[in-house]
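> have a look; sequence and predicted model below, questions after that.
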Amino acid sequence: MEYYTEFLKKVEKHERLIPILSAVAATTVTAYYVKRIISSSKKISNNGAEEIPVPDGAMYYLGHIPQMGSVPAHKITEWHKELGPILKVKMGVQDWVFISDPMIAQEIMATQGAITSGRPYLTFGNGISGKGGRGIVFADYNKNWKNARTAVLSILAPKSVAGFDKILQQEAENSINQLVEQTKLHGEVYPLSFIRLSSINIILATAFGLPGVSSPEDPFYKELVNMIETGIKFTSVVGDFSAYFPVLSFLDVIFRKERKMTDFVENVSHPMFRRMIKQALAGDQDSLVKKMHLIMEEYEIDERNLVVIMSEVLVAGSDTVAISASWTYAILCHYPEVQKKLADEVDAFINKYKRIPTFEDRLELPYYISVQKECLRYRPPVYFGVPRKASADGTVIVTNIHTLHNDSKTFYDADKFIPDRFIKDTRSMYASSNGNVQNRDQFVFGWGRRICPGIALAENELFNSITRVMARCRIEPALSENGDKIYPNLVDVNDGGSTVSPLPFKVRFVEREDRVILA
Ligand code: HEM
């Protein structure tokens, strides 16, 4: 109880009081569980975790996996409703603790980060690609990880990202040109491939200092997409059967999977990154590769580690942003009145300053800020983020973003898209995610020491794309042969394990007749 009492003392805002009080009422026992998880190792490994509620129906050896269906996060949200904000799910032989309350998550993932910032072992991320403790995303909490993270932050911190403004704006412009052109040519467009192209180009420019590709048909782009898709498939947190069912790893079916992973790393992915790193070092552009190259010795980063880090940055930093933009377009297509308000806001800026707004001008666009935050809350691009590991006993800890974002104690009418929801909260998502948990806008970027280092880049990219689209176009539904409107599906999702995207959809980017044209 003291845990919640402490939080109550900190409450300044009335509207935050109700959720916290209900959390206290509903979960007095939970505070006890929290303490048990974050306290001594003996308690956890022997019997502490036993006291966390476990959903019914776990099967011998398989655990709850057969019950989880195609979107495990949805099932886990149901279990949270039934069993409270902390529960233990049996993923094969592993125990995973799920958390659905923001304050408990903050306490465990951030405040107690010294003992909860590890990563569980993943066959691909740790055993095959990042073997020997290499990389950043899947690396355990140790010196190697810290060095890699410091290096990566040298280019992803907000100030460094600001230095890439021109590239980010140019990429957004190119992507919109393509969306409009494709609509003119084919009457409709599948936006993800073009948005993805632009998010990949941004990583090519910032991380490698390499020129971008101009079309989804470019063979290099296809190679990159194959690399990203395969990487995501292999690192899917719920698909790592060798980790959950170790005995089965002797079976040929699993063995083949591991062999496929090794082939992919040694013959496809790592050679490609070696090539790109070589080009990056030979070129004139400043880049993450060049920065890392200078400090490799000091930070004990070997050549393979550089390859692993760069491949992880490309995978972590491209599809997440592209999928977020894709959800935003899908949602906006359903809400022409929201598009109109966004367009009016951007137009007002352009009329006043005679230029397109940039991320630095964001405070002049509070409606955009609110809509963007709400899109990420309403349809997050990730559900489980990247799982954590408690150093004491290896318990895997996951915050289920789907549950957090659908919790009516934290967000009123959580199941509704409310574009004004964050209208008074103009902080950057970077500031909010790194700030006080009671006022966080949403939870897609994770927690504490391992919080996503790419937030500033992600929000800058989203700002440029969405505001420029609104300045120029309306997003309209595709049309069937007989002229019926076909809207993107906002109900079902494509759960790729690591990312959660809309089902493939087409829309029309129609140029606004009333757009403001700059001389
Ligand atoms: C909307 C876009 C994005 C989302 C939703 C997202 C989400 C996340 C989440 C949930 C984590 C795990 C945090 C935790 O363990 O608490 C993470 C880690 C990470 N992200 Fe992002 N991310 C995004 C964009 C980016 C970008 C643009 C980059 C880089 C260019 C990036 C690079 C990374 C890296 C390197 C990590 C690993 C950090 C570590 O383990 O220390 N992300 N991201």
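The structure has been received and is ready for your questions.
> excluding chain neighbours, what is closest to residue 206?
Nearest residue to residue 206, sequence neighbours excluded (C-beta to C-beta, 6 or more residues apart in numbering): residue 164, at 5.2 Å. Glycine gets a C-beta too; all of them are placed from N, C-alpha and C.
> which pLDDT value belongs to that neighbour?
On the pLDDT scale, residue 164 is placed at 87.
> residues of the stretch 51-200 of the chain that sit close to the ligand?
136, 137, 149, 152, 156 (C-beta under 6 Å from any ligand atom).
> pipe those into a markdown table and attach secondary structure, distance to residue 411 and pLDDT per row.
Converted to a markdown table, those look like this (DSSP: H, G, I helix; E, B strand; the rest coil; distance: C-beta to C-beta, whole Å; pLDDT from 0 to 100):
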| residue | secondary structure | distance to residue 411 | pLDDT |
| --- | --- | --- | --- |
| 136 | coil | 31 | 95 |
| 137 | coil | 28 | 94 |
| 149 | helix | 30 | 93 |
| 152 | helix | 31 | 90 |
| 156 | helix | 28 | 90 |
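> filter the residues you listed down to the buried ones.
136, 137, 149, 152, 156 (16 or more other C-beta atoms under 10 Å).
> residues touching the fourth one, list them.
By that I understand residue 152. Neighbour list for residue 152: 136, 288, 309, 313, 453 [criterion: C-beta atoms under 8 Å, 6 or more residues apart in numbering].
> secondary structure added to those, as a markdown table?
Shown next, in a markdown table, are the contacts of residue 152 (DSSP: H, G, I helix; E, B strand; the rest coil):
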| residue | secondary structure |
| --- | --- |
| 136 | coil |
| 288 | helix |
| 309 | helix |
| 313 | helix |
| 453 | coil |
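> most neighbours among those, which one is it?
The residue in the contacts of residue 152 with the most neighbours, by other C-beta atoms under 10 Å, is residue 309 (28 neighbours).
> how far away is that residue from the ligand?
8 Å (C-beta to the nearest ligand atom, to the nearest Å).
> residue 136 is in contact with that residue, correct?
Yes - Residue 309 lies in contact with residue 136 (C-beta atoms under 8 Å); the separation is 5.4 Å.
> joint contacts of these two?
Common neighbours of residue 309 and residue 136 (C-beta under 8 Å, 6+ apart) are 148, 152.
> on that earlier part again, by pLDDT, give me the weakest of the contacts of residue 152.
Within the contacts of residue 152, pLDDT is lowest for residue 288, at 87.
> domain assignment for this protein?
For the chain, automatic domain parsing gives the domain ranges 15-129, 143-385+406-511.
> am I right that residue 494 sits in a strand?
Yes - membership of residue 494 in a strand is supported by three-state DSSP.
> farthest pair within the buried ones among the residues of the stretch 51-200 of the chain next to the ligand?
By the measure C-beta to C-beta, 137 and 156 form the most distant pair in those, at 13.0 Å.
> follow-up on the earlier one: so which of the buried ones among the residues of the stretch 51-200 of the chain next to the ligand is the closest to residue 466?
residue 156 (20.6 Å).
> that closest one reaches residue 459, doesn't it?
No - the criterion here is C-beta under 8 Å, and residue 156 misses it with residue 459 at 11.7 Å.
> residues from the stretch 401-519 of the chain in reach of the ligand?
Within the stretch 401-519 of the chain, the positions adjacent to the ligand are 444, 445, 446, 447, 450, 451, 452, 453, 454, 457, 458 by C-beta under 6 Å from any ligand atom.
> repeat that for 8 Å
Residues of the stretch 401-519 of the chain found near the ligand (C-beta under 8 Å from any ligand atom) are 401, 444-455, 457-459, 461-462.
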